[in-house]
Structures are given as structure tokens and as C-alpha cells.
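> sharing a model that was predicted from the sequence below.
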Amino acid sequence: MEAITIGGRRNKPFWMGMLKTSPFIMAGILSLVLFYSQTGIVPEWERDLMIAVIFFFLSATVYFTVSQQLPYSKKNIIEDLLDSTLYQLGNNYRVNIMKLVASEGHAYFKIEHGRGYRDTSKYKKQINMATPGASEAWESGGPIYHTKEGLRTDIDNDVKHLWSVAIKGRRGQPVAILNIDNIVDDEIPDEIKTHISNSSLQLSELIGYYWEIPA
């Protein structure tokens, strides 16, 4: 199945990059003005063209270096971690982070970040505190592993294997749930099951470190 990504390519606004680069550009222009005005050097086409070319490439280098960092935030870090995880697992898998939402007396898990999904609207308010996987991980920490026989197929009939683990904040309390599910393979070797369980726990700890950092 083709992996579909929720979200999109990270935007790097041109004007923000230019704003960050402008002090370097202005300093370079001022240096050149002072250089020519104080030394009394007569303008020379070949030399001045070379200086202009060097200055342009330096400015472009600074701009792209700065713009690649914009607007990098904890959301970008978490989404990059999910992208890397799905890349390593392959198209047989999906990855998501669910956040617990309490609304009008009904607590449910909402997909906050996801990779590999075509449409998440069908999950809205259906994954509650009685749902295998997410609810168990919220209570015990996990990782929790289920095969299709132990899951609610009325919510998602595609899932063949599911790993759920709590993402804990700095106080050790769950703040979200990380889910990794396989949607293709009926059978998976035990060593792969163990590997994904261990990896999901390590990933949840890494995400938990960034989760509570201010945006």
C-alpha cells in the first residue's frame, strides 16, 4: 500500500531567510564601501567583479544555511522522527501519535501526527479509553502488542499487527500514545516483533523529551 503523509513539506519562508541574512549582507556592503572610500583604490572591472561574485556566493550560502533552520520547531523534530521511522519500517507499516482529548464527557484519542494514512477522519472520536492498544498503553505504559484478532476491526480492518506505547512527559505521566501498525503481513517473525517493541519504546522516550518543550 502506498504511504500517504499527513502534513506536508516543511515551509521555509523566503522573507524570513532574507531577514535573518540581512545583517550579514549589510555588514558586507558597509565593509566594501569603507574599503573603497578609505583606501582610495581606483575601481577596476575584473577585480571588482570577482569581489562581487564572492560576496554574492557568501550571501547565498548564509541565506540557505539560515533558511534550512527555519521554521524548525519541536513539531518538525517529531515529524522528522516519524518520517525516519516509517522510512526504516517500509510501506507495510504506519506510524501515528494520538493525544487524549476530553470532550463533553467523552474521552477519546485524536491522531496528532501520522504517517502512512490516506484518511484519518474515520478515526475521529472512535478510539476511546476502551479501545485495545491505545487505552492499555495509556494505563500501563507499554509497549502493548496485538494481532488483528485482538483489535477492533470495526474501526480499522487494515491493521494486522499493532504496537502501542505511552509517550511520557518529564514527570513520568503519559502525554500521548505512539502507535506502529503493520497493514500487510499476516505473519511476522518473533525477532521482528521484539525489535519493533524495543524500537517503539526508544522512540517514545525520544519524542517525550521534545513533547513538552515550548513550541
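It's in.

> now the residue nearest in space to the middle of the chain: how far from Ile54?
The chain has Glu79 as the residue nearest its centroid, 0.9 Å off, counting by Cα atoms, centre = their mean. Distance from Glu79 to Ile54, counting by Cβ to Cβ, to the nearest Å: 37 Å. (Each C-beta comes from the backbone N, C-alpha and C, glycine too.)

> quick revisit: was I right to think the residue nearest to the centre of the chain contacts His113?
Yes. Counting by Cβ atoms under 8 Å, His113 is a contact partner of Glu79 at 6.0 Å.

> sorry, back to before: so what's the backbone phi/psi at the residue nearest to the centre of the chain?
phi -70, psi -30 (degrees, to the nearest 10).

> what residue spans form the domains of this structure?
14-67, 74-211 (automatic domain parsing).

> which of those domains comes out lowest on mean pLDDT?
Mean pLDDT values for those show the minimum at domain 14-67, a mean of 72.

> contacting residues around Lys99?
Counting by Cβ atoms under 8 Å, 6 or more residues apart in numbering, Lys99 touches 109-110, 112, 175-177.

> can I get those in CSV with distance to Leu34?
Shown next, in CSV, are the contacts of Lys99 (distance: Cβ to Cβ, whole Å):
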residue, distance to Leu34
Phe109, 62
Lys110, 58
Glu112, 53
Val175, 54
Ala176, 55
Ile177, 60
